[in-house]
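1. next come a sequence and a model predicted from it.
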Amino acid sequence: MINIQSLSKYYGRHKVLSDIDLVFNKGEVYGIVGENGAGKTTLFKCIAGLEDFEGTISYDGSTLKNVTGYLPTELFFFSKMTGQEYLQLLSNARNLTNTDFKSSNIFDLPLSEYAENYSTGMKKKLALTGLLIQKNEVFILDEPFNGVDIHSNLIIKEIIAKLKQLGKIVIMSSHIFSTLNDSCDHLHYLKNGHIKASVAKGGFEQIEEEMKGESVGSRLIDLLNLD
Ligand SMILES: Nc1ncnc2c1ncn2[C@@H]1O[C@H](COP(=O)(O)OP(=O)(O)OP(=O)(O)O)[C@@H](O)[C@H]1O
């Protein structure tokens, strides 16, 4: 279980996250939703141990960052590093030996080619494969479906379902409600750095309606009517 208590995060004087209290249980999939700039990525980075913060994040297993796989939205790959070398690097980071990269290549990626030359979707699939190879306990997936094709979309959904079955903690973000509906057990709505609502499966429409209420509405009509 991950237990987040009174988490706040500042960038300079800008308070990006305010007094967040959240619990993430094993074998459950959590969606974090919110408008652009709400603080989703910042929250993910805090959980993954990539940002400092006020408050506490405790985990009842080993050191959280050592068992957490974080899939960022913006991926970076070193130049002249092949897909296989990238996977080897991630495998080494967890002191894993004898990883069978061929059978781990579930997305059939061209592992002998330079990762920086992969397409957006291929890069995402390579990074996700790396996190699976590491046998992490916690998966933080920041918009995992962005930029991937329909077939891979289905595979990623299948992976998330399997991770749940294996008792892993999955925390993800997406701007696509149908995706969240399919994959998540719980949704947390983040607005301006606060948790505005938390809903279990079956009640997601409530959050969707609330977010629709924030749409541009009459301002768009005014804009389109401008001569
Ligand atoms: N490194 C940084 N330095 C300063 N401000 C930052 C930094 N990273 C994020 N912010 C600010 O923190 C706020 C939250 O950003 P964050 O990326 O967490 O939002 P988000 O909910 O993930 O947005 P999106 O849906 O667009 O990805 C924004 O106001 C952003 O400008």
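-> In hand now; what should we look at?
2. near the ligand, which residues of the chain?
-> Tyr11, Val16, Gly34, Asn36, Gly37, Ala38, Gly39, Lys40, Thr41, Thr42 (Cβ under 6 Å from any ligand atom). To be clear about C-beta, it is placed using only N, CA and C from the backbone, and glycine gets the same treatment.
3. among those, which lie within helices?
-> Judged by DSSP state H, helices contain the following of the residues of the chain next to the ligand: Lys40, Thr41, Thr42.
4. wait, the second one touches Asp142, no?
-> Yes: here Thr41 lies in contact with Asp142, judged by Cβ atoms under 8 Å, at a distance of 5.8 Å.
5. any residues in contact with both of those two?
-> Contact criterion Cβ atoms under 8 Å, 6 or more residues apart in numbering; residues shared by Thr41 and Asp142: Pro72, Thr73, Ser173.
6. ok, how many other residues are close to Gln134?
-> Using other Cβ atoms under 10 Å, Gln134 is surrounded by 20 other residues.
7. nearest spatial neighbour of it, chain-adjacent residues omitted?
-> Distances taken as Cβ to Cβ, 6 or more residues apart in numbering place Arg94 nearest to Gln134, at 4.8 Å, with adjacent residues excluded.
8. tell me where this structure has strands.
-> Counting by DSSP state E, one finds strands in the chain at the ranges 2-11, 14-24, 29-33, 54-59, 68-71, 138-142, 169-173, 186-191, 194-200.
9. including mean pLDDT, could the ones you listed go into a markdown table?
-> Formatted as a markdown table, the strands of the chain follow (pLDDT from 0 to 100):
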| stretch | mean pLDDT |
| --- | --- |
| strand 2-11 | 97 |
| strand 14-24 | 97 |
| strand 29-33 | 97 |
| strand 54-59 | 96 |
| strand 68-71 | 96 |
| strand 138-142 | 97 |
| strand 169-173 | 97 |
| strand 186-191 | 96 |
| strand 194-200 | 95 |
